[in-house]
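Engineer: Here is my input, please return the structure:
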Amino acid sequence: MTEFTLHNQETAPEDSRPLLDNSLKAFGMIPNLHAVMAESPQHLEAYQKLHELFQQTSLSVAEQTVVWMTINVEHDCHYCVPAHTAIAHMQKVNDGVIESLRNAAPLEDDKLEALRQFTLKVVRQRGVVSDADVDAFLAAGYTRRQVLDILLGVAQKVMSNYVNHLADTPIDAPFQKFDWKPAAAAAE
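Structural biologist: The predicted model follows:
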């Protein structure tokens with residue numbers, strides 16, 4: 001596997017240094033994902049901006065977690081599942097929701113399950129979803145705006161999930177207790 005540098009303020013390209021400062025302010029550390037992304041200041045800046053924008057969408061914190069975790073699990077992201085598990089716990093997302101998402105299991109809340117299912121369809125079908133799928137999502141109580149909000153979340157997670165696959169990003173110490181393996185791999 002190609003080795004990627006885990007940058008810090010001293011080793012990062014100059015244009016990435018203020019972005020790593022943003023990471024320090026936001027997380028109290030430089031997450032390894034950001035350390036890898038720092039190789040490309042534009043990539044790290046785009047990721048941070050998408051993260052900020054996604055948090056400003058019309059989706060609640062729990063709904064944002066459903067979108068992020070659904071995508072992370074579908075993409076088998078060894079790094080983002082533990083990281084977003086930790087974040088979800090810090091944000092007081094229901095433990096049952098978190099565990100169901102980690103295990104790709106249906107959610108008890110019908111509306112959140114409709115969100116999970118629609119997000120899966122968007123990811124699996126690369127955005128080519130039927131009118132019936134959109135209508136079912138809207139009938140569950142969501143809006144056309146939230147269809148687009150999901151796409152913003154997909155864009156953000158593609159950036160991070162794919163980086164983690166390419167770089168085999170090491171899981172940060174605070175997230176290690178939430179280590180995760182895909183259901184098929186865990187069963188072996």
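Engineer: which residues touch the residue nearest the centre of the chain?
Structural biologist: By CA atoms, centre = their mean, the chain has its centre lying nearest to Trp68, at 3.8 Å. For Trp68, the contacting residues are 80, 84, 153, 156-157, by CB atoms under 8 Å, 6 or more residues apart in numbering. Yep, even glycine has a C-beta here, placed from its N, CA and C like the rest.
Engineer: Inside strands: which ones of the residues you listed?
Structural biologist: Judged by DSSP state E, strands contain none of the contacts of Trp68.
Engineer: among the residues you listed, which are in helices?
Structural biologist: Under the assignment DSSP state H, the contacts of Trp68 contribute 80, 84, 153, 156-157 to helices.
Engineer: Out of the residues you listed, flag the one nearest to Leu44.
Structural biologist: The nearest member of those to Leu44, counting by CB to CB, is Gln156 at 12.4 Å.
Engineer: For that closest one, list the residues it contacts.
Structural biologist: Listed by CB under 8 Å, 6+ apart, the contact partners of Gln156 are 47, 50-51, 54, 68.
Engineer: Which pLDDT value belongs to the closest residue to it other than its chain neighbours?
Structural biologist: Nearest residue to Gln156, sequence neighbours excluded (CB to CB, 6 or more residues apart in numbering): Leu50, at 4.0 Å. At Leu50, the pLDDT value in this model is 97.
Engineer: what do you get for Thr2?
Structural biologist: So, for Thr2, pLDDT stands at 77.
Engineer: What of the one 3 residues further on?
Structural biologist: In the predicted model, Thr5 carries a pLDDT score of 96.
Engineer: low pLDDT regions in the protein?
Structural biologist: Applying pLDDT under 70 to the chain flags residues 1, 184-188.
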